[in-house]
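1. Got a sequence here, can you model it:
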Amino acid sequence: QVQLAESGGGLVQTGDSLRLSCAASARSFSSYAMSWFRQAPGKERDFVAAISVSGSNTHYADSVKGRFTISRDNAKNTLYLQMNSLKPEDTAVYYCKSSRWTGTRTLENWGQGTQVTVSS
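-> Below is the predicted model:
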């Protein structure tokens, strides 16, 4: 089972940038597809971005496309989310998630989250 720990959140102003990191404990990090989700107060947890095991394929929610970039460094067991041109509506707790298909089921693990607050 992989353990995930997000970092890099904080309080920023509209238009600023932040880079979130998600450190994974597993040596087999490169075998996990990874993704970012976020949850604003009183709302459901929403998909933000995903990246394949090799990093060659990425997918984004329409709301962040062109502003956020997901990437991974398999040598460092770390997932990243570069967030540019931040808006107040990006305010949320950001979570990273790992996913791996075992052949019979999908194993998923979540981090504890990191708060991002964008002031107007």
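
2. Not counting the top strand by length along the chain itself, show me its contacts.
-> Identified as the longest strand of the chain according to DSSP state E is strand 92-101. Residues outside strand 92-101 that contact it (Cβ atoms under 8 Å, 6 or more residues apart in numbering) are 2, 4, 6, 9, 20, 22, 24, 26, 29, 31-40, 43, 45, 48, 79, 81, 106-116. All C-beta spots, glycine's among them, are computed from the backbone N, C-alpha and C.

3. Would you list the buried entries among these?
-> Neighbour counting by 16 or more other Cβ atoms under 10 Å classes 2, 4, 6, 9, 20, 22, 24, 26, 29, 32-38, 48, 79, 81, 109, 111, 113-114, 116 among these as buried.

4. which ones among the residues you listed are found in strands?
-> Short answer: those in strands (DSSP E) are 4, 6, 20, 22, 24, 33-38, 48, 79, 81, 109, 114, 116.

5. OK, contacts around the residue lying closest to Tyr94 once chain neighbours are set aside?
-> Counting by Cβ to Cβ, 6 or more residues apart in numbering, Tyr94 lies nearest to Arg38, which is 4.8 Å off, once chain neighbours are set aside. Contact partners of Arg38, counting by Cβ under 8 Å, 6+ apart, are 45-46, 48, 90, 92-95, 116.
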